[in-house]
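> Requesting a structural model of the entry that follows:
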Amino acid sequence: MLKVENIESGYGSMQVLWGPSLEVKKGSITSLLGPNGAGKTTLLMTILGSIEPWGGKITYEDREVTHLPTHKKVDLGISLVPEGKHLFVDMSVHENLVMGAYRKEALKNIDDSLELVYSLFPVLKERDRQKAGTLSGGEQQMLTIARAIMTKPKMIMLDEPSQGLAPKLVAEVFETIQKLEAEFGLTILLVEQNVVASLNAASYVYILHEGRIKVEGNPEDIRGSADIREAYLGI
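Numbers count the residues shown, from 1 in each chain. This is a model prediction of the structure:
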């Protein structure tokens, strides 16, 4: 579904990505792992178009989208849940969700989408009229993911969805991520610091280090290699 080839990008004159390539297959969960500062978020932002690539090629559904503007990539069905909780804190849960359904296709299916996210996150239905800023950290993360689902994406990129959450909530978030793939056929590119949870959820794994893909393979292979775990993952 998504193919990234030899992408180079950065900020100003500082190069962050030095030619990483990866592929995300339709209906799968692909994990992108690596230490802080490796360039994982930069890669997601470059794929989305928020950062203009200096070189390389991005293909989505057999169409080259390397230099396509962000809003057009969103129209094609690519959605990003950024690191942190970027919510309208003075608006209700319901209002935040409706704000996510701004695409024409999403507006046509808004009732179905609301039903879907409320089935995935029952606590959000309970907090429907509550201001987003008064939710717990875990509930805010659920709302952030749910709002992205409201855009009716075909592929969703998640940047550190478990950041700052208690272990129980981390488990709930990852259960939801796996449900999105297994039950609803969503394609997911997952960036995470929680290595164990990521390896358990993914069907394929890439490890980014200093702006380059150093290792790729099945989760079992990554988990089974002490050298890889020690060198790149710190476990």
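> give me phi/psi at G217?
When read as degrees, to the nearest 10, the backbone of G217 gives phi 160, psi -180.
> Next: the one 3 residues further on.
Here is the backbone geometry of E220 (degrees, to the nearest 10): phi -60, psi -40.
> Tell me the spacing between I145 and I51.
22 Å (CB to CB, to the nearest Å). Quick note: C-beta positions are derived from backbone N, CA and C, even for glycine.
> And the lowest-mean-pLDDT helix or strand in the chain, what's buried?
When each helix and strand of the chain is scored by mean pLDDT, DSSP states H and E, helix 104-108 comes last, with a mean of 77. For helix 104-108, burial by neighbour count (16 or more other CB atoms under 10 Å) applies to A106.
> again with stretch 147-158
For stretch 147-158, the neighbour count (16+ other CB under 10 Å) marks 147-158 as buried.
> Not counting sequence-adjacent ones, nearest residue to I188?
Nearest residue to I188 in three dimensions, chain neighbours excluded: I29, at 4.6 Å (CB to CB, 6 or more residues apart in numbering).
> top helix in the protein by residue count?
In the chain, taking DSSP state H as the definition, the longest helix is helix 167-184.
> So which bits of that one are buried?
Residues of helix 167-184 classed as buried by neighbour count (16+ other CB under 10 Å): 169-170, 172-174, 176-177, 180-181.
> Summarise which helices and strands it is packed against.
strand 29-33, helix 110-120, helix 137-149, strand 187-191, helix 195-201 (3 or more CB pairs under 8 Å, 6 or more residues apart in numbering; DSSP states H and E).
> Take these and write them to CSV, including mean pLDDT and distance to K73.
Output for the helices and strands packed on helix 167-184, formatted as CSV (pLDDT from 0 to 100; distance: least, CB to CB, whole Å):
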stretch, mean pLDDT, distance to K73
strand 29-33, 96, 17
helix 110-120, 89, 19
helix 137-149, 89, 14
strand 187-191, 96, 13
helix 195-201, 90, 24
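> could these be laid out in a markdown table, adding distance to E83?
Compiled in a markdown table, these are given as follows (distance: least, CB to CB, whole Å):
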| stretch | distance to E83 |
| --- | --- |
| strand 29-33 | 13 |
| helix 110-120 | 21 |
| helix 137-149 | 10 |
| strand 187-191 | 8 |
| helix 195-201 | 15 |
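> Select, out of these, the one closest to P69.
Closest of the helices and strands packed on helix 167-184 to P69 is helix 137-149, at 18.6 Å (criterion: CB to CB).
> got a list of contacts for the helix or strand just after the closest one?
Next helix or strand after helix 137-149 toward the C-terminus (DSSP states H and E): strand 155-159. By CB atoms under 8 Å, 6 or more residues apart in numbering, the residues outside strand 155-159 that reach it are 1-2, 24, 40-41, 44, 47-48, 60, 77-83, 145, 148-149, 177, 180, 186-192.
> Would you give the sheet partners of the longest strand along the chain, along with the direction of each?
Ranked by residue count under DSSP state E, the longest strand found in the chain is strand 2-11. As defined by DSSP bridges, the strand partners of strand 2-11 come to strand 14-18 (antiparallel), strand 22-24 (antiparallel), strand 55-60 (antiparallel).
> Can you give me the buried ones in it?
Going by neighbour count (16+ other CB under 10 Å), the buried part of strand 2-11 is 2-4, 7-10.
> now stretch 31-39
Of all the residues in stretch 31-39, those buried under the rule 16+ other CB under 10 Å are 31-34, 38-39.
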